[in-house]
Structure formats: C-alpha cells, structure tokens
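A.B. asks: how would this look folded up:
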Amino acid sequence: MKILIIGGTRFLGRHLVNSARARRHEVTLFNRGKTNPNLFWQVEKIRGDREKDLDQLSGAALSVSKGQWDAVIDTCGYFPRIVRMSAEALKGKVENYVFISSISVYSAFSKIGINESDPVGKIEDETMEEITGESYGPLKALCEKAVQEVFGMDSLVIRPGLIVGPHDPTDRFTYWPVRVARGGTVLAPEKPEIPIQIIDVRDLSDFIIKLIEQNVSGVFNATGPDHELTLGAMLDTCKLVSASDAKFKWASVEFLEKNKVTPWSDMPVWVPDTAEDAGFSRVNISKAINAGLKFLSLEDTIRDTIKWAAERPEEYEWKAGLKLEREKELLELLNVQ
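C.D. replies: Reported below is the predicted structural model:
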C-alpha cells in the first residue's frame with residue numbers, strides 16, 4: 001500500500017513510518033522538515049506547510065500509481081479549519097483519511113467505561129486557534145467532525161490515551177522509569193491503587209497500520225493495557241526492570257495540592273481519583289481490542305524507555321516530573337509532618 005503521513009518524524013509519526021515500512025508499505029512524508037529532518041533518508045519527502053503548501057500534494061499524487069495514495073495519516077491536526085483544508089485537498093487523491101485524535105475529546109470523565117459513542121466536548125468559539133487545557137479536546141472533536149464531513153465512511157478516527165515509549169518528547173511517562181531506576185526514596189502521588197492507562201507507541205502504530213490494511217473505518221479509543229493497571233503496579237515494575245533499590249513515599253492529594261505539585265506534569269501519568277475524573281483512566285477499549293489491538297508487556301515498554309532515555313544528552317531538560325531538588329524538599333516536608 002501507499003501511505004501518506006502528514007508529519008512523520010516526531011514520536012507517533014516516526015513509529016508509524018517504522019510500522020508501515022516493516023510491513024512493506026510505501027511511505028511518503030509531508031512536513032516542513034523542521035523536526036528531525038535527517039530521519040528516513042530513504043523515504044520520499046514532500047516539504048511544505050499544511051496550511052500554505054497543500055497544492056504540492058496534487059503534483060505529488062500524479063507520480064503515484066493511479067494518481068492517489070491508499071491512505072493518509074494526519075498525526076498533527078489541532079485546528080478544524082486547517083484539518084478541513086487538508087481533507088479537502090486530499091479528497092479524490094486518497095482512499096482513506098486517518099485522523100489521530102485524543103480521548104480528551106470527551107465532554108466529561110465521570111463515567112467509568114467511556115466508549116466511542118459518548119458525547120464529545122464543545123467550545124463556544126469554534127474558530128479559535130489557541131491550544132489550552134480547555135480548548136484542546138473540543139478542538140480535536142471539531143477536527144474529527146471536519147474529516148468525517150469530507151470523507152464520510154472513508155475516514156478512520158483514532159482516540160489514543162497517554163502514548164508512551166521511546167522518543168516521547170513530553171516525558172509524561174519517561175520520568176517514572178528513569179526516576180525509579182535512579183533508586184532511593186521516590187515521591188509518589190495519592191496511593192498505589194490509583195488506576196492508570198497508557199499505550200506503547202509501537203502498539204498504537206502497528207494497530208493503525210493494520211486497520212488501514214483492512215480498510216477499517218470508524219472511531220476507536222486506543223489506550224491500554226487489556227487489564228486494569230495501577231500506578232503502584234507500574235512503579236513496582238519499573239523497580240523490577242531496573243533492579244533498583246527504590247522505595248516509594250506516597251503523598252496525599254491534600255499534601256500535593258498544598259505544595260503546588262501538579263497532576264500530570266509534576267506527577268506524570270497521575271490524575272487524582274475523584275468522582276469527577278473516575279473514568280479518565282478507565283476508558284473502554286473493547287472495540288479496539290476486538291479489532292486487533294495488541295500489547296507489548298509493560299516490562300518491555302519500561303526497559304526500552306530507559307534504554308532510549310539513557311541516549312539523551314546529560315544536559316537534557318526534562319519536560320515533566322519533579323527536579324531532584326524539588327523532590328528532596330517535598331520528601332523532607334513529608335517526614336516532618
């Protein structure tokens with residue numbers, strides 16, 4: 001198959017290229033060439049901005065057999081106006097439009113077992129083009145709508161949860177395997193029983209390519225694993241894989257709030273287990289599992305994440321998690337309570 005990827009050199013995009021090429025598909029990338037421009041030197045690249053240079057795709061399609069790609073994967077659509085432009089420019093040039101969305105589209109997370117038919121969030125000003133904590137999900141939902149209006153049944157929408165693994169630029173998972181591997185007393189949030197959901201980027205990539213091969217359309221929640229995973233079990237597995245001497249010091253929600261420790265960023269993966277967010281890490285993924293979503297072991301994900309993180313420069317600035325000095329300060333405060 002011939003697959004066009006909008007993006008393709010960052011995290012999910014680069015793994016999609018690897019998954020597609022491993023299954024002997026022909027890949028073309030359309031991006032600005034600003035992120036990892038030297039990746040995939042043997043893959044065809046079309047340089048351009050998706051807002052200004054979509055006409056380049058028309059000329060490129062002429063060189064493809066039958067004048068079209070079998071599918072396009074849009075990995076970096078955030079604003080409905082721009083996504084609609086891409087969809088309209090590719091209508092008639094690709095068979096299937098695959099849009100990478102997010103579980104953040106849902107309007108509320110109080111329900112345990114949110115499925116693909118549950119309501120999505122809305123935003124008062126649908127023309128706004130600014131990403132905030134409040135706008136991200138509703139804008140992604142509007143992007144989905146734009147794709148579906150242009151491609152109808154020939155569209156595939158993937159709603160991932162927290163994507164983890166090698167080359168994650170956000171550190172929203174990487175912090176934990178690396179921190180636990182360092183050993184010592186590790187500050188952990190709330191309690192070990194807190195549920196979490198994550199998906200290895202390689203599992204997600206393989207799943208998307210398989211759906212394209214099978215010409216599947218529709219909407220899929222895509223996170224994992226296929227059983228309930230807790231924060232405590234994840235941290236224990238980090239300790240086991242790295243053979244560290246880590247000991248976990250669990251801090252209450254009240255302590256963390258009082259000391260301005262932010263869920264999801266200062267304490268990655270974690271969202272407080274409140275009634276309001278009871279379903280955040282209990283999203284229903286049965287549709288994706290029935291369609292063939294498979295999972296690497298958590299041990300593999302942790303091991304490969306640690307190995308990749310060790311390759312980064314010593315002066316690398318972490319995007320998430322506590323700095324060692326801040327963690328030490330918080331642990332001292334806990335000990336004097």
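A.B. asks: and the longest helix for the chain?
C.D. replies: helix 136-151 (DSSP state H).
A.B. asks: So what's the model's average confidence on that one?
C.D. replies: Averaged over helix 136-151, pLDDT sits at 98.
A.B. asks: name the helices or strands packed onto that helix?
C.D. replies: helix 80-90, strand 94-100, strand 155-160 (3 or more C-beta pairs under 8 Å, 6 or more residues apart in numbering; DSSP states H and E). C-beta coordinates here come from the backbone N, C-alpha and C atoms, glycine included.
A.B. asks: Now tabulate the ones you listed in a markdown table and tack on distance to Asp168 and mean pLDDT.
C.D. replies: Shown next, in a markdown table, are the helices and strands packed on helix 136-151 (distance: least, C-beta to C-beta, whole Å; pLDDT from 0 to 100):
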| stretch | distance to Asp168 | mean pLDDT |
| --- | --- | --- |
| helix 80-90 | 23 | 96 |
| strand 94-100 | 15 | 96 |
| strand 155-160 | 12 | 98 |
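A.B. asks: Could you say which one of those comes nearest to Gly232?
C.D. replies: Among those, the nearest to Gly232 by C-beta to C-beta is strand 155-160 (23.6 Å).
A.B. asks: Could you find the closest non-adjacent residue to Leu57?
C.D. replies: Leaving aside its chain neighbours, Leu57 sits nearest to Ala89 (5.9 Å; criterion: C-beta to C-beta, 6 or more residues apart in numbering).
A.B. asks: Can you report how many residues lie near the one you found?
C.D. replies: 20 (other C-beta atoms under 10 Å).
A.B. asks: mind listing what it touches?
C.D. replies: With contacts defined as C-beta atoms under 8 Å, 6 or more residues apart in numbering, Ala89 is in contact with 54-55, 57-58.
A.B. asks: Quick one: buried ones out of those residues?
C.D. replies: Restricting the contacts of Ala89 to buried positions leaves 54, 57, with burial counted as 16 or more other C-beta atoms under 10 Å.
A.B. asks: Can I get the contacts of Ala89 in TSV including distance to Trp264?
C.D. replies: What follows is the contacts of Ala89, written out as TSV (distance: C-beta to C-beta, whole Å):
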residue	distance to Trp264
Leu54	34
Asp55	40
Leu57	36
Ser58	41
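A.B. asks: ok, so of the contacts of Ala89, who is nearest Trp308?
C.D. replies: Distances from Trp308 to the contacts of Ala89, taken by C-beta to C-beta, are shortest for Leu57, at 32.4 Å.
A.B. asks: Looks to me like the closest one is in a helix.
C.D. replies: Yes. Counting by DSSP: H, G, I helix; E, B strand; the rest coil, Leu57 falls inside a helix.
A.B. asks: domains of this protein?
C.D. replies: 2-160, 175-197+227-277+297-335 (automatic domain parsing).
A.B. asks: And Ile198, its phi and psi?
C.D. replies: Ile198 adopts backbone torsions of phi -140, psi 160, taken as degrees, to the nearest 10.
A.B. asks: Isn't it up against Thr230?
C.D. replies: No. If you go by C-beta atoms under 8 Å, Ile198 and Thr230 don't touch, sitting 11.8 Å apart.
A.B. asks: Compare these two and say which is more crowded by neighbours.
C.D. replies: Shown here are Ile198 and Thr230; by other C-beta under 10 Å, Ile198 has more neighbours (24 against 15).
A.B. asks: For Glu276, see how far away the more buried one is.
C.D. replies: 21 Å (C-beta to C-beta, to the nearest Å).
A.B. asks: what does Asn96 give?
C.D. replies: Distance from Asn96 to Glu276, by C-beta to C-beta: 37 Å.
A.B. asks: Compare the two (neighbour count), which wins?
C.D. replies: Neighbours were counted for Asn96 and for Glu276 using other C-beta under 10 Å; Asn96 has more, 21 against 12.
A.B. asks: Now that one: closest residue in space, sequence neighbours ignored.
C.D. replies: Leaving aside its sequence neighbours, Asn96 sits nearest to Ala71 (C-beta to C-beta, 6+ apart; 4.2 Å).
A.B. asks: Same check on Trp176?
C.D. replies: Using C-beta to C-beta, 6+ apart and skipping residues adjacent in sequence, the residue nearest Trp176 is Cys238, 5.7 Å away.
A.B. asks: if we can go back for a sec, so of the domains of the chain, which one's packed in deepest?
C.D. replies: Mean neighbours per residue, mean count of other C-beta atoms under 10 Å, is largest over the domains of the chain for domain 2-160, with a mean of 18.
A.B. asks: for that domain, the distance to its chain's centre please.
C.D. replies: Averaging C-alpha positions (C-alpha atoms, centre = their mean, to the nearest Å) puts domain 2-160 13 Å from its chain's average.
A.B. asks: Kind regards, and thank you for your time.
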